[in-house]
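1. Structure for the following, please:
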Amino acid sequence: MNIAELYRAEFAEHEAVLKATAAACEAPFRRLVEAAVAAVRGGGKLLFFGNGGSAGDAQHLATELSVRYVKNRPPIAAMALTTDTSTLTAIGNDLGFDQVFARQVEAVGRKGDLAIGITTSGKSRNVTLALETAKRMGLVAAALSGRDGGDLVGLADPLLIVPSHTTARIQEMHIMLGQMFCGALEQELGLV
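-> Below you'll find the predicted structure:
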């Protein structure tokens with residue numbers, strides 16, 4: 001495949017996944033926004049977490065909410081559980097990498113908060129354990145995934161599944177859905 005073919009093929013695949021995601025995720029997206037509004041209005045916070053590119057998305061979205069998305073406004077309580085290297089390495093060393101997010105949910109999560117796990121495969125053990133912990137503690141356990149939702153089906157609700165098996169396309173949809181989530185949350189909270 002030459003570069004021109006690759007270029008066209010990538011855009012064509014992106015467009016197909018975009019259309020499929022728009023059809024598949026509208027209802028769970030609405031429920032995710034409603035859960036976030038309830039958490040924030042109830043004095044709670046949003047906890048984001050994931051691995052690799054999903055960790056980057058977690059940080060990006062938490063920043064958009066705690067600083068601003070569209071324009072200056074009061075901050076929304078949001079944090080990424082992917083940023084504290086001392087905590088991550090201590091948990092990884094002392095308790096095991098599977099516990100890096102669950103332990104933090106135990107430490108900072110409170111009933112009524114919203115935990116949002118991000119995993120393209122739906123099979124990241126540290127994400128599923130954190131969502132199980134969140135659910136047990138009375139947090140809303142939500143997630144963004146891809147493929148068939150993996151181990152998140154029946155665990156995360158709402159669960160936004162990008163109907164693709166291509167990691168890059170799933171990640172593209174995750175950040176798009178995440179940006180839309182930030183805008184919708186600001187709007188629903190009357191902050192824009």
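2. Tell me which stretches of this structure form strands.
-> Secondary structure of the chain (DSSP state E): strands at 46-50, 78-80, 114-118, 140-146, 159-162.
3. Identify, out of those strands, the most deeply packed stretch.
-> strand 114-118 (a mean of 30; mean count of other C-beta atoms under 10 Å). Backbone N, C-alpha and C define where each C-beta goes, glycine included.
4. Would you map the helices across this protein?
-> Assignment of helices within the chain using DSSP state H yields the ranges 3-41, 53-66, 85-94, 102-108, 125-137, 167-188.
5. Can you say which of those is nearest to Ala156?
-> Nearest to Ala156 among the helices of the chain is helix 125-137 (5.6 Å), distances taken as C-beta to C-beta.
6. Output stretch 114-130 as PDB - backbone C-alpha positions only.
-> The C-alpha trace of stretch 114-130 is given here as PDB (Å, rounded to 0.1, in the frame of the first residue of the first chain):
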ATOM      1  CA  LEU A 114     -18.200   8.900  39.300                       C
ATOM      2  CA  ALA A 115     -15.400   6.500  38.300                       C
ATOM      3  CA  ILE A 116     -14.600   6.400  34.600                       C
ATOM      4  CA  GLY A 117     -12.300   3.700  33.300                       C
ATOM      5  CA  ILE A 118     -10.900   3.900  29.800                       C
ATOM      6  CA  THR A 119      -9.700   0.800  28.000                       C
ATOM      7  CA  THR A 120      -9.700   0.000  24.300                       C
ATOM      8  CA  SER A 121      -9.900  -3.800  24.900                       C
ATOM      9  CA  GLY A 122     -12.200  -3.800  27.900                       C
ATOM     10  CA  LYS A 123      -9.800  -6.300  29.400                       C
ATOM     11  CA  SER A 124      -7.300  -4.200  31.400                       C
ATOM     12  CA  ARG A 125      -7.300  -5.900  34.700                       C
ATOM     13  CA  ASN A 126      -6.300  -2.800  36.700                       C
ATOM     14  CA  VAL A 127      -9.300  -0.900  35.100                       C
ATOM     15  CA  THR A 128     -11.800  -3.700  35.800                       C
ATOM     16  CA  LEU A 129     -10.600  -4.100  39.400                       C
ATOM     17  CA  ALA A 130     -10.900  -0.300  40.000                       C
END
